[in-house]
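Q: here are the coordinates; sequence isn't available:
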């Protein structure tokens, strides 16, 4: 009897995030996918006490949500799932609402309501910060799960 190799997943690397104006550790943790807290982001960056626009912040791999890469986090590329969303239809979108729960991130909410990250961001262009109790617009075209 011969041994069969068990496939292993390649480890996800840590990524660098370039801070924007108004960023703080908990907001960066949310943008990364909500896999960790702002305190964990700060502990991965010894010596950082204040986050300023342009600072390079190390995001540990365990903080990254599924599918979040350095390029997506820094908005230098759009997630692959947005390509199919580009249409020339003039149909007016209608919306349901979703009330943000503690610990939610854009990625978690999008998965919960059956949308993509980009659909949720496009439906809520004025929302920069997520906080419990806030209402978001959810496109009715998403599968409500």
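A: It's in. Keep in mind it's a predicted model, so treat the numbers as computed, not measured. Numbers count the residues shown, from 1 in each chain.
Q: so how many other residues sit close to the nearest residue to residue 131 once chain neighbours are set aside?
A: Closest residue to residue 131 apart from its sequence neighbours, by CB to CB, 6 or more residues apart in numbering: residue 100 at 6.4 Å. Heads up, the C-betas are built off the backbone N, CA and C, glycines and all. The burial count assigned to residue 100 is 18, neighbours taken as other CB atoms under 10 Å.
Q: And the pLDDT at the closest residue in space to residue 115 that isn't next to it in sequence?
A: For residue 115, ignoring the flanking residues on the chain, the nearest one in space by CB to CB, 6+ apart is residue 142 at 3.9 Å. For residue 142, the pLDDT comes out at 78.
Q: tell me the SS of residue 142?
A: When classified by DSSP: H, G, I helix; E, B strand; the rest coil, residue 142 comes out as coil.
Q: Could you do residue 29 as well?
A: Strictly by three-state DSSP, residue 29 counts as helix.
Q: re the thing from before, how much space is there between the residue nearest to residue 115 and residue 13?
A: 31 Å (CB to CB, to the nearest Å).
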